[in-house]
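Engineer: quick one, what's the 3D model for this:
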Amino acid sequence: QIKNIKVSNVEIAVKLKMSAEEVAKAFVSHYYENFTTNPSNLASLYNDSSMLTFEGSSLLGAQNIIAKYTSIGKITFDQNTIDVQPSASANAICIQVTGKLKIEANNPMHYTQFFQLVASGPSQYYVHNDIFRLVYA
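Structural biologist: Predicted coordinates for the structure are as follows:
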């Protein structure tokens with residue numbers, strides 16, 4: 001049976017009883033697809049209490065987070081791994097993503113990104129924490 005849930009304001013068709021892994025996979029697919037095509041579309045996934053730490057610099061609130069992401073330029077992503085754990089709170093999920101990204105025509109770089117999704121209502125999540133780091137080898 002299929003039911004629509006919302007990842008913030010974005011609906012994704014998923015199974016009636018979703019596991020943390022299913023929520024995470026749906027979120028990651030939606031997130032990186034929108035980051036690649038139009039990072040401004042990510043605004044609905046964040047709120048005023050959301051925090052981004054990007055390469056060691058912290059930003060608070062959806063508006064500041066989206067401003068940072070839109071300032072980077074055209075990015076393409078290739079996710080290698082997605083790891084999921086329940087959070088200490090029953091209404092939250094931790095997601096760790098690793099992969100490669102390419103900014104504009106530059107060489108690909110490895111990255112890691114951590115998200116904590118927190119339920120904001122029945123079958124609705126927002127990104128409470130987002131930690132992004134390039135991995136230099």
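Engineer: show me the strands in the protein, by range?
Structural biologist: 2-7, 10-15, 51-54, 57-60, 75-86, 92-103, 109-121, 124-135 (DSSP state E).
Engineer: so which residue is dead centre in the chain?
Structural biologist: By C-alpha atoms, centre = their mean, the mean C-alpha position of the chain lies nearest to residue 31, the distance being 5.1 Å.
Engineer: do you know how far it is from residue 88?
Structural biologist: Applying C-beta to C-beta, to the nearest Å, the value for residue 31 to residue 88 is 23 Å. Every residue, glycine included, has its C-beta placed from N, CA and C.
Engineer: give me the low-pLDDT residue ranges for this structure?
Structural biologist: 1-17 (pLDDT under 70).
Engineer: pull the longest helix from it.
Structural biologist: helix 20-37 (DSSP state H).
Engineer: could you measure from the residue lying closest to residue 133 once chain neighbours are set aside over to residue 50?
Structural biologist: Spatial nearest neighbour of residue 133, chain neighbours left out: residue 112 (5.3 Å); criterion: C-beta to C-beta, 6 or more residues apart in numbering. Distance, residue 112 to residue 50, by C-beta to C-beta: 19 Å.
Engineer: neighbour count: these two, which is higher?
Structural biologist: residue 50 (21 against 15; other C-beta atoms under 10 Å).
Engineer: surely that one meets residue 127?
Structural biologist: Yes. With contact defined as C-beta atoms under 8 Å, residue 50 counts as touching residue 127 (5.5 Å).
Engineer: ok, residue 27 - how many residues close by?
Structural biologist: When neighbours are counted by other C-beta under 10 Å, residue 27 registers 24.
Engineer: quick check: it touching residue 116?
Structural biologist: No. Counting by C-beta under 8 Å, residue 27 stays clear of residue 116, with 11.3 Å between them.
Engineer: what is in contact with the two at once?
Structural biologist: Jointly contacting residue 27 and residue 116 under the rule C-beta atoms under 8 Å, 6 or more residues apart in numbering are residue 95.
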